[in-house]
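S.K.: With the input below, show me the fold.
(2 chains)
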Amino acid sequence: MSVVMSKTKTASFGFQDVPAHEKASRVRGVFDAVASRYDLMNDLMSAGMHRAWKDAVAARLNPRPGERILDLAGGTGDLARRFKTLADAARTRSGGPPSEIIVVDINAEMIAAGRERGLDGLGWAVGDAEALPFPDNSADGYVISYGIRNVTDIPKALGEAYRVLKPGGRFYCLEFSKPTTGALEAFYDAWSFKAIPPIGKAVTGDAQPYQYLVESIRRFPDQESFAAMIREAGFRRVDYTNFSGGITALHGGWKV
Amino acid sequence: MTETPKTAAMEGREIDPRLLEILVCPVSRTPLTYDRSRGELVSKAAGLAYPIRDGVPIMLAGEAREISDA
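M.R.: This is a model prediction of the structure:
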């Protein structure tokens, strides 16, 4: 199917370059391996901070009653549950139709792990950020959290985000990024490369998935470069906020 | 809201009807028809049937069953 195979380019898989069409299945393998321990993984990678960062994303998105929000790479539904709580609270205060929060993840294991914790009135679907199963101009918000780094063709995924958002719709991307000071970067590098794979191995029996995760974080474009890619996809008023000195960044943009 | 009797969709055995309304074929971006007996979402335009597993639609072309054009 020519749609997915973009001219036999290579894609980054951690520090390796693999044929572009292999990346998706390799990434899927990583997440199959860690699905049931996903929160632990995030805790390791963020020193426990990812919860606070996710709260910040939900506050920024500020989901309103009646809105349709897509939570991409939403796996366990961590973020989607926050959106639902906020949207429901707003609805209690001011009325309006229920919101519709849809968790989309390419990995069925992640979705299963999320549903295991409770369906919680969320929509759940397995789907690919590069070929979304939604119509044009159909969503009020699109959030991808710790997912864009794993996408084979990032510009294509950003284009899809733009396509499915309504005019006035907002885009947010939470992703590990580049620490803003050399000292922090050195510390974070040491933590990432020396500590995380062995800890991952101790906990799950396999260091390889964690090795991939730290390498992929290192290779991901820095804040400014990624902001430029978002603008390139058509978004306006693109900005970003660094969390914890740039260990993670939240990028945002609007479809106008 | 908690008093409403639980439907199959709410318990996760069947696909959420709200999802059925919004999902389109990721290949052709055209509407899908729900084949309840087979548990599939059918895209006539793309000639693909997307499986629903444990109430979750698998909207990946690579996982879909190819169907011959009617």
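S.K.: Show me which residues of the lowest-mean-pLDDT helix or strand in chain B are buried.
M.R.: One helix or strand of chain B scores below all others by mean pLDDT, DSSP states H and E: helix B:17-22, with a mean of 92. Burial within helix B:17-22, assessed by neighbour count using 16 or more other C-beta atoms under 10 Å in any protein chain shown, is assigned to B:19-20, B:22. For glycine as for every other residue, the C-beta is placed from the backbone atoms N, C-alpha and C.
S.K.: closest to A:R237 among those?
M.R.: Nearest to A:R237, judged by C-beta to C-beta, of these is B:I22 at 26.5 Å.
S.K.: who's in contact with stretch B:33-50?
M.R.: B:15, B:20, B:23, B:25, B:27-28, B:30, B:32, B:51-53, B:57-61, B:63-70 (C-beta atoms under 8 Å, 6 or more residues apart in numbering or on different chains).
S.K.: what do you get for stretch A:248-256?
M.R.: Contacts of stretch A:248-256 (C-beta under 8 Å, 6+ apart): A:46, A:49-50, A:53, A:56-57, A:60, A:162, A:165-177, A:223, A:226-227, A:230-231, A:234-243.
S.K.: Show me how far the very next helix or strand once past the least confident helix or strand of chain B is from its chain's centre.
M.R.: Of the helices and strands lying after helix B:17-22 in sequence (DSSP states H and E), the nearest is strand B:33-35. Offset of strand B:33-35 from its chain centre (C-alpha atoms, centre = their mean, to the nearest Å): 7 Å.
S.K.: Is the residue most central in space within chain B in a helix, a strand, or coil?
M.R.: In chain B, the C-alpha nearest the mean C-alpha coordinate belongs to B:L41, at 3.7 Å (C-alpha atoms, centre = their mean). Put simply, B:L41 is strand when judged by DSSP: H, G, I helix; E, B strand; the rest coil.
S.K.: same check, this time on the one 5 residues further on
M.R.: Following three-state DSSP, we place B:A46 in the coil state.
S.K.: Next, give phi and psi for it.
M.R.: Per-residue torsions, B:A46: phi -90, psi -10 (degrees, to the nearest 10).
S.K.: Kindly report the residues of chain B close to chain A.
M.R.: Within chain B, the residues that sit near chain A (C-beta under 8 Å from any C-beta of the partner chain) are B:10-12, B:16, B:18-19, B:22-27, B:29, B:53-63.
S.K.: give me that answer again for 6 Å
M.R.: B:12, B:16, B:19, B:23-24, B:26, B:56-60 (C-beta under 6 Å from any C-beta of the partner chain).
S.K.: got any ranges where the chain has weak pLDDT?
M.R.: Since you didn't name a chain, this refers to chain A. A:1-8, A:31-39, A:41 (pLDDT under 70).
S.K.: that's the wrong chain, I wanted chain B
M.R.: Using pLDDT under 70, chain B drops low at B:1-13, B:69-70.
S.K.: Go again with 80.
M.R.: Flagging of chain B using pLDDT under 80 yields the residue ranges B:1-13, B:68-70.
S.K.: got the buried residues for the top helix by length along chain A?
M.R.: If you go by DSSP state H, chain A has its longest helix at helix A:78-94. Residues of helix A:78-94 classed as buried: A:78-84, A:86-88, A:90-91 (neighbour count, 16+ other C-beta under 10 Å).
S.K.: Can you check what angle separates the helix or strand following it from helix A:78-94?
M.R.: Remark: after helix A:78-94, the chain's next helix or strand is strand A:100-105, criterion DSSP H and E. Interaxial angle, strand A:100-105 versus helix A:78-94 (axes from the mean of the first three to the mean of the last three C-alpha atoms, to 10 degrees): 180 degrees.
S.K.: residues making contact with strand A:100-105?
M.R.: A:68-75, A:77, A:80, A:83-84, A:111, A:122-125, A:127 (C-beta atoms under 6 Å, 6 or more residues apart in numbering or on different chains).
S.K.: circling back to that earlier point, adding distance to A:N107 as columns, could you present the buried residues of helix A:78-94 in CSV?
M.R.: What follows is those, written out as CSV (distance: C-beta to C-beta, whole Å):
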residue, distance to A:N107
A:D78, 14
A:L79, 15
A:A80, 15
A:R81, 18
A:R82, 20
A:F83, 20
A:K84, 21
A:L86, 26
A:A87, 25
A:D88, 27
A:A90, 31
A:R91, 31
